[in-house]
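Colleague: One predicted model, sequence on top.
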Amino acid sequence: MTTTPIAPVAGSLPPAPDAKIAMGWMHTAKFLTTAAQLHHLPPITVPEIAFVGRSNAGKSTCINTLTQQKQLAFASKRPGRTQHINLFSLGKQGVMDAVLADLPGYGYAAVSRSDKVRWQQVMVNYLVSRPGLTGIVLLCDPRLGLTELDEALLEVVRPRVEEGLKFLIVLTKADKLTRAEQAKILSITRLHAGGGDVKMFSALKKQGVDEVAQLLWQWAHPVPGAELAQGDEPAPDADSADDQEPEED
């Protein structure tokens, strides 16, 4: 007996792929370009997903773990040194169907005030005006929780999230916490996620890797014809310490 596939609900995410499919897709990541200024970035016509976070939150390690490539994202031994927006293309058979954007880490004390102000402005401009931006992944060290700078970033992107921009908080270095501590920080962070998703993540233990890859695949492959009719309420998103890790942006 055959079964009839259930049609996707308008505004919903597509079904999550098998983890092997999502991870295989992530593995296709290749360096595309780098730019020190927003206007130097090329126009992108495919979904773009930005990774942001404080210096040494584990952003480069997260990207490298998801893509199964040790040195795709640059991990500087001196946080704050990476001051470019780096784009990576994704897609099988040489057909680009999404882009990852690695934004400079913020909040590192040794960076000069002028550099901090300049990059904060570049980041804000990118987050509020970048065409094609589909989703934002905020990397956070759960031992520190959401800092004032993280909260400020949440306020910047809140209007776009309310308009449908996907948003995920990845709590890195989960292996450095007990299960009880993980459960506590998950509950606290979800209260401040503004409707976004929250995932625990450990590159060392591979915790959350498949789940994050599957969610990003869903973001980049929207259901055709699933755009919301004007006035419709958006459907909810999908359900919602690395070892010897180099300091990084």
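Modeller: Everything's here; your move. Note that the structure is a prediction, hence the values are computed from the model and not measured.
Colleague: now the strands for this structure?
Modeller: Here the chain has its strands, by DSSP state E, at 30-35, 48-53, 85-90, 98-102, 133-140, 166-171, 197-200.
Colleague: got the buried residues for the worst-scoring helix or strand of the chain on mean pLDDT?
Modeller: Of all the helices and strands that make up the chain, helix 113-129 has the lowest average by mean pLDDT, DSSP states H and E, namely a mean of 81. When neighbours are counted by 16 or more other C-beta atoms under 10 Å, the buried residues of helix 113-129 are found to be K116, W119, Q120, V122, M123, Y126, L127. Every C-beta, even on glycine, is put in place using the N, C-alpha and C of the backbone.
Colleague: Would you mind measuring from E155 to K184?
Modeller: 24 Å (C-beta to C-beta, to the nearest Å).
Colleague: Which one's more surrounded, the two?
Modeller: K184 (13 against 9; other C-beta atoms under 10 Å).
Colleague: Next, work out how far apart the more buried one and P17 are.
Modeller: With distances defined as C-beta to C-beta, the gap from K184 to P17 amounts to 31 Å.
Colleague: In this protein, where is pLDDT below threshold?
Modeller: Filtered on pLDDT under 70, the chain yields the residue ranges 1-12, 75-82, 108-112, 115-116, 225-249.
Colleague: And the least confident helix or strand of the chain, how far out from the chain middle?
Modeller: Using C-alpha atoms, centre = their mean, to the nearest Å, we find the averaged C-alpha position of helix 113-129 to lie 18 Å away from the chain's own average C-alpha position.
Colleague: Next: stretch 178-198.
Modeller: Relative to where its chain is centred, stretch 178-198 has its mean C-alpha point 16 Å off (C-alpha atoms, centre = their mean).
Colleague: Alpha carbons only: can I get it in CSV?
Modeller: These are the backbone C-alpha positions of stretch 178-198, laid out as CSV (Å, rounded to 0.1, in the frame of the first residue of the first chain):
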residue,chain,number,x,y,z
THR,A,178,27.5,18.6,33.4
ARG,A,179,24.1,17.4,32.1
ALA,A,180,22.4,19.4,34.9
GLU,A,181,24.3,22.5,34.0
GLN,A,182,23.5,22.1,30.3
ALA,A,183,19.8,21.8,31.1
LYS,A,184,19.9,24.9,33.2
ILE,A,185,21.7,27.1,30.7
LEU,A,186,19.4,25.8,27.9
SER,A,187,16.3,26.9,29.8
ILE,A,188,17.8,30.3,30.6
THR,A,189,19.0,31.0,27.1
ARG,A,190,15.7,30.0,25.5
LEU,A,191,14.0,32.7,27.6
HIS,A,192,16.2,35.3,25.9
ALA,A,193,16.3,33.8,22.4
GLY,A,194,13.5,36.0,21.2
GLY,A,195,11.7,33.1,19.4
GLY,A,196,15.0,31.7,18.0
ASP,A,197,16.2,28.1,18.5
VAL,A,198,18.9,27.1,21.0
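Colleague: Flag every buried residue along stretch 86-98.
Modeller: When burial is assessed from 16+ other C-beta under 10 Å, stretch 86-98 yields the following buried residues: N86, L87, F88, S89, L90, G91, D97, A98.
Colleague: and which of those is nearest to T65?
Modeller: Nearest to T65 out of the buried residues of stretch 86-98 is F88 (C-beta to C-beta; 13.8 Å).
Colleague: dump the residue contacts of the closest residue in space to P47 that isn't next to it in sequence.
Modeller: In this structure, P47 finds its nearest non-sequential neighbour in T134, 3.8 Å apart by C-beta to C-beta, 6 or more residues apart in numbering. Residues counted as contacts of T134 (C-beta atoms under 8 Å, 6 or more residues apart in numbering) are P47, E48, I49, A98, L165, K166, W219, A220.
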